[in-house]
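Student: Build the 3D model from these lines:
(2 chains)
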Amino acid sequence: DAGVTQSPTHLIKTRGQQVTLRCSPISGHKSVSWYQQVLGQGPQFIFQYYEKEERGRGNFPDRFSARQFPNYSSELNVNALLLGDSALYLCASSFSGSLLNEQFFGPGTRLTVL
Amino acid sequence: GENVEQHPSTLSVQEGDSAVIKCTYSDSASNYFPWYKQELGKRPQLIIDIRSNVGEKKDQRIAVTLNKTAKHFSLHITETQPEDSAVYFCAASKDQAGTALIFGKGTTLSVSS
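Tutor: Numbering: from 1, shown residues only, chains lettered A, B, ... in the order given. Okay, here's the model as predicted:
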């Protein structure tokens, strides 16, 4: 039974570039959340999508955007990269419908901005 | 919005001792409190969670307690082992689909043998 998967594992970009990160949720999960984890800190919420609609957005600039596809996979896009965007980007999926918000994390994408 | 404070930031114990990590939250509407363990270079793993309709939950050597009045919750690990060494994060949210987890800053637990 596959867990949450993310690609790529690692990514190196330069300032000003754009990046797209991908996430596939656990089969049957319809909600996907994105988090940014800077070294030494807890994950910070960026976006949450549920049934292909944006349900929540954290305190991140408009350079960050995301979408969810009909198969519930998701992409996170970051434009005009800054050095401060260097972090581990985590995707988490959760079950839909009932009162359950257990979120299961993927292995993350390590983004380095030079 | 919700704010979660976590203490201590580092904790060192001897193998076999107990470890306690405490968190406070600000939003009285939060009713779901998970704990995650993150080993170096790995993803956060859900180890235990509690909902506001109970005051305590146990799973083998791990327990979580919740005080809704004081808005704080704690993780208790008994009979610690070296493999318990990791960073532990608490989080809070409303227990409904489409809700973000708000995390504490983490506690680095070191268990020495």
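Student: near chain B at all, the worst-scoring helix or strand of chain A on mean pLDDT?
Tutor: Between all helices and strands in chain A, the lowest mean by mean pLDDT, DSSP states H and E belongs to strand A:53-57, at a mean of 88. Yes. Using CB under 8 Å from any CB of the partner chain, strand A:53-57 reaches chain B at A:55-56. Any C-beta I mention is one placed from the backbone N, CA and C, and that applies to glycine too.
Student: Run through who's touching that strand.
Tutor: Identification of contacts with strand A:53-57 by CB atoms under 8 Å, 6 or more residues apart in numbering or on different chains yields A:31, A:33, A:45-49, A:66, A:68, B:97-100.
Student: What residues does chain A have near chain B?
Tutor: Applying CB under 8 Å from any CB, we find that chain A lies next to chain B at A:30-31, A:33, A:35, A:40-45, A:48, A:50, A:55-56, A:58, A:90, A:92, A:94-97, A:99-108.
Student: Chain B against chain A: which residues are in contact?
Tutor: Near chain A, the residues belonging to chain B are B:6, B:32, B:34, B:36, B:42-46, B:49, B:89, B:91, B:93-106 when assessed by CB under 8 Å from any CB.
Student: Turn the contacts of strand A:53-57 into JSON lines, columns for pLDDT.
Tutor: Listed next are the contacts of strand A:53-57 as JSON lines, based on pLDDT from 0 to 100:
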{"residue": "A:31", "pLDDT": "88"}
{"residue": "A:33", "pLDDT": "92"}
{"residue": "A:45", "pLDDT": "92"}
{"residue": "A:46", "pLDDT": "95"}
{"residue": "A:47", "pLDDT": "91"}
{"residue": "A:48", "pLDDT": "90"}
{"residue": "A:49", "pLDDT": "90"}
{"residue": "A:66", "pLDDT": "97"}
{"residue": "A:68", "pLDDT": "96"}
{"residue": "B:97", "pLDDT": "59"}
{"residue": "B:98", "pLDDT": "62"}
{"residue": "B:99", "pLDDT": "73"}
{"residue": "B:100", "pLDDT": "83"}
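Student: For those residues, pick the one with the most neighbours.
Tutor: Among the contacts of strand A:53-57, residue A:33 has the most neighbours (other CB atoms under 10 Å in any protein chain shown), with 30 neighbours.
Student: I'd say it and residue A:43 touch.
Tutor: No. Counting by CB atoms under 8 Å, residue A:33 stays clear of residue A:43, with 9.3 Å between them.
Student: intersection of neighbour lists for those two?
Tutor: In contact with both residue A:33 and residue A:43: residue B:101, using CB under 8 Å, 6+ apart.
Student: Restrict the residues of chain A next to chain B to the buried ones and give me that as a PyMOL selection.
Tutor: Those of the residues of chain A next to chain B that count as buried under 16 or more other CB atoms under 10 Å in any protein chain shown are selected in PyMOL with:
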select buried, chain A and resi 30+31+33+35+42+43+44+45+48+50+55+58+90+92+94+95+100+101+103+104+105+106+107+108
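Student: ok so, going back, buried subset of the residues of chain B next to chain A?
Tutor: Here, 16+ other CB under 10 Å leaves B:6, B:32, B:34, B:36, B:43-44, B:49, B:89, B:91, B:93-95, B:97-106 buried among the residues of chain B next to chain A.
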